[in-house]
Each structure stands twice: as C-alpha cells, then as structure tokens.
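Novice: Generate coordinates for the sequence data below:
(chains A and B)
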Amino acid sequence: MNFSLKKVTRLSGRQASIYAVVLAGESQTVFEQFMAEYQADYRAELKDIVGRLQVIGHTTGARQNFFKEFEGKFGDLVCALYDDPDRKLRLYCIRFGGDFVILGGGGPKDVAAWQDDPNLAYNAQLMITVAKQLHERFKEGDLRWTADFKDIQGDLTFKEEEDE
Amino acid sequence: MNKETINKRPSVLDELLDEITPLESRKTEDRMLIAARIADLIKAKGWTKKYFADEVVRQQPSVVSKWLSGTHNYTLETLTEISFALGITLAELMREKEQALVFKSSFAVTGLSGMADRRFYGGGPIPSHPDGPIPSHPDFNHMTALAVNPGSAGIVDWQEHLTPDKATIGLMTVPHHGSHEWQALGNAFWTGNIQVLHPKKKRPEDHERNYALKA
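Specialist: Residues are numbered from 1 along each chain as shown, chains lettered A, B, ... in the order given. Below you'll find the model as predicted:
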C-alpha cells in the first residue's frame, strides 16, 4: 500500500501532534474522507470527535484512557478513539504514547467486532498496514523521533515496493 | 475552477471546529481534564484501573473506563463517590494539578521609563509575587525595577526585583536582545502553576532547562 503521513495542524498542539494518513493518489486524508462521508448523518458525533482531538493536541495529550487499545495486531499500537455505547462512530488511530497520534478512518459500529463489518474491517486493516510499515521503517533507522517525540524525522512517504 | 477556489473552501474539519461553541469546547475540555485528574490520582495510589473498579468503587471495569475516557458527563454524585474512594474532598478532586513547570528567563534592565507591556524579555508565564498576584494591566507598575549600573559587577536574580504594586516607581524597560545596552541580570527559575509561579531555588541541573517540563 502506498501512502504518506500529513500533520493536521489545527488539531496538533503543545501536548500532542496529530497526523493523518493520505493514500497515494488521493487529495484528502483518510480522516478527511471519513468526516466528509459522515458529516451529514453523524454531525454531532463528528463535532465531539474533533473537539476531543483538539483537546488532546492542545491540553491533555493522548492519554491512554482516551483510546480503546488493542484494535490491531499485537504491539502495533493500533487503537480507536474511545466511543461509548451510546455513540456509533468509530475512528481508528495509531497512538505513540501521549505525544503522537495518527488518524485513519472508520465508520458506524453496529457490530461486536470490526471483522464483522466490511467498512470497519477495511479501516482497521488499513491502520494495521500503516503501523506495520511505519514500525519497519523505524526499525531500519530511516525514521527518528524529534527530541520532544512530537514529530518524526525522515521520509513519511511509503511505497509498497520499497518496504517489502 | 481552479486551485484558488478549491483552496478557499473551508475543509470539513474547519467547518466542524468552527461550529463548536466556546461553551461546548469548555465542556469537552473539562470532561477530559477531570478524567485525566482521576486517572492520575488512581495511579498515584498505586492502583490499577481494574483494582479501582473491582475493589475500591465496586463498579464494572467498563463503567470506570467510561469515567476515564474523557467522554463521561459526571454527576455530582459520581464525583463524590470517586473523591470519597480516593480519600480526598470534592474540592481537591477538582483542583488543577500543580504542574512541575520550570521557567527560566534571562533579561536586562537599563532604564526606568516607558511601559513594559511584556513582563520581561521574551514573554513567558506571568509571575506573581507571594504577596499577591500581579495584574496584567499595562498601567500597573508590576515590578520595582532597579536600574543597574552598567559598570557594576552585580549579577542579580530578577526575582529580587519583584514587588507588588508601587505606583510611584517607574516601569522596567527591556531592550531588544541585540541592543548594545543589553545586560544580563542572571537567570530566574520559577515553579508552580502557570498563573501562580513561585521562585525556585536554582539547581545546577536547571541551567539548561529553558522549557516547561511535563508533569
């Protein structure tokens, strides 16, 4: 999968940086597509999601309790922004400690497990793939954290043939 | 159609953020800050979330997860229950955690005229004197500024120059860093909440810390 990472400046702040995945050939991030798709039917929930993300970036940092962990493979840090039972929209992310979050996409969650919903399965798998490639590039030493752990130094464009 | 038109259209994210009223924003922030405060207090007790749920408040772990998620709309009853379980008062629960914040400032004083609308060179947190907070009104003489004789050898911590309002004393002027009049008075370290800073004893390891340390 070919993709890149882009900083979401309005959500990022002193406490955490928030990035989003851009798939190759797309002008919008997956997160922007997610918002565009559900803004009509789930506007209140989307407002709540972006409001919380803004507080995470500027005030609290990406605390563990604000996310549902272990949504991906073991140790890959794929998680979802906390969604209580009354809410429907699920947003998949990758959380690197309290300082750095990568947003993916998501959708309404009416099933017990994401594997049972094609849209959620696609978005969860997408973040699992992003996490895998990102971790590999870190392991190879091509990516490094900045001193404050709020940004990544190195090439944030990923092409399948390069990483496999 | 063109790039310009496309660029001028606000993104969905901008639209959504702009729709959030200041009150809604405050509510979200407070919910998340209270959740963070409770999580910190549980951690400080050495409890796990599960232990807190099972043994302390005797609730389902999912209920405690919701409390700590930053989405829960706490009732007074729930907050009282949590503060009771933590062995603190409700007021203590709501109190903002004192940040382990260290601020360092180097600056110069060369005169006693003019208005210092910035508290000191380079800006930063607003200090308050132990005798009371220093208001931010520019007309308020917030510091007793002492002119420093350029010839004197005295390197003085500026915290010694902070006093409450003395309207008869002139304000401090702080020249541009590049000015030839610039003369460093030394470093000052302050710790505490950002609004109420207290002078901190200088420690050798503080010398390189010119940033706020995370709690």
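Novice: only C-alpha atoms for contact and neighbour calcs from this point on.
Specialist: Fine.
Novice: Am I right that residue B:51 is in a strand?
Specialist: No: membership of residue B:51 in a strand is not supported by DSSP: H, G, I helix; E, B strand; the rest coil, which gives helix.
Novice: need the longest helix for the chain.
Specialist: Defaulting to chain A. In terms of residue count, the longest helix belonging to chain A (DSSP state H) is helix A:118-139.
Novice: The intended chain is chain B.
Specialist: In chain B, taking DSSP H as the definition, the longest helix is helix B:22-44.
Novice: List of residues touching it?
Specialist: Residues outside helix B:22-44 that contact it (Cα atoms under 8 Å, 6 or more residues apart in numbering or on different chains) are A:48, A:51-52, A:55, A:59-60, A:63, B:48-49, B:52, B:67-74, B:86, B:93-94, B:96-97.
Novice: tell me which residues of it are tucked away?
Specialist: Burial within helix B:22-44, assessed by neighbour count using 16 or more other Cα atoms under 10 Å in any protein chain shown, is assigned to B:25, B:28-39, B:41-42.
Novice: Equivalent analysis for stretch A:148-164, please.
Specialist: By neighbour count, with 16+ other Cα under 10 Å as the criterion, the buried positions of stretch A:148-164 are A:150, A:151, A:152, A:156, A:158.
Novice: How about the contacts made by the residue in chain B that chain A sits nearest to?
Specialist: Relative to chain A, the nearest point of chain B is residue B:69 (4.5 Å; Cα to the nearest Cα). Listed by Cα under 8 Å, 6+ apart, the contact set of residue B:69 reads A:65, A:66, A:67, A:82, B:32, B:35.
Novice: What of residue B:86?
Specialist: Under the contact definition (Cα under 8 Å, 6+ apart), the residues listed for residue B:86 are B:41, B:42.
Novice: in chain A, which spans are strands?
Specialist: A:3-7, A:17-23, A:67-68, A:78-81, A:89-96, A:100-108, A:144-145, A:152-153, A:157-158 (DSSP state E).
Novice: Select, out of those strands, the one closest to chain B.
Specialist: Once Cα to the nearest Cα is applied to the strands of chain A, the stretch that comes out nearest is strand A:67-68, at 7.1 Å.
Novice: Parallel or antiparallel, list what pairs with the closest one.
Specialist: Applying DSSP bridges, strand A:67-68 is found paired with strand A:78-81 (antiparallel).
Novice: Quick one: low-confidence residue ranges for the chain.
Specialist: Picking chain A for this. The model of chain A has pLDDT under 70 over residues A:161-164.
Novice: wait, I meant chain B there
Specialist: For chain B, the stretches with pLDDT under 70 are B:1-9, B:96-215.
Novice: which bits of it sit near chain A?
Specialist: B:12-13, B:16-17, B:19-20, B:25, B:28-29, B:32-33, B:36, B:65-66, B:68-71 (Cα under 8 Å from any Cα of the partner chain).
Novice: you'd agree residue A:99 is up against residue A:62?
Specialist: Yes: with contact defined as Cα atoms under 8 Å, residue A:99 and residue A:62 form a contacting pair (6.1 Å).
Novice: what residues are shared contacts of those two?
Specialist: With contacts defined as Cα under 8 Å, 6+ apart, the residues adjacent to both residue A:99 and residue A:62 are A:15, A:16.
Novice: neighbour count winner among these two?
Specialist: Neighbours per residue, other Cα atoms under 10 Å in any protein chain shown: of residue A:99 and residue A:62, the larger number sits with residue A:62, 26 against 23.
Novice: Find the nearest non-adjacent residue to that one, please.
Specialist: Distances taken as Cα to Cα, 6 or more residues apart in numbering or on different chains put residue A:98 closest to residue A:62, at 4.1 Å, once the chain neighbours are dropped.
Novice: And residue A:149, by the same measure?
Specialist: Nearest residue to residue A:149 in three dimensions, chain neighbours excluded: residue A:99, at 6.3 Å (Cα to Cα, 6+ apart).
Novice: again with residue A:58
Specialist: Closest residue in space to residue A:58, ignoring its immediate chain neighbours: residue A:13 at 4.3 Å, by Cα to Cα, 6+ apart.
Novice: give me the number of residues near that neighbour?
Specialist: Counted with other Cα under 10 Å, the neighbours of residue A:13 add up to 20.
Novice: residues in contact with it?
Specialist: Residues in contact with residue A:13 (Cα under 8 Å, 6+ apart) are A:54, A:57, A:58, A:59.
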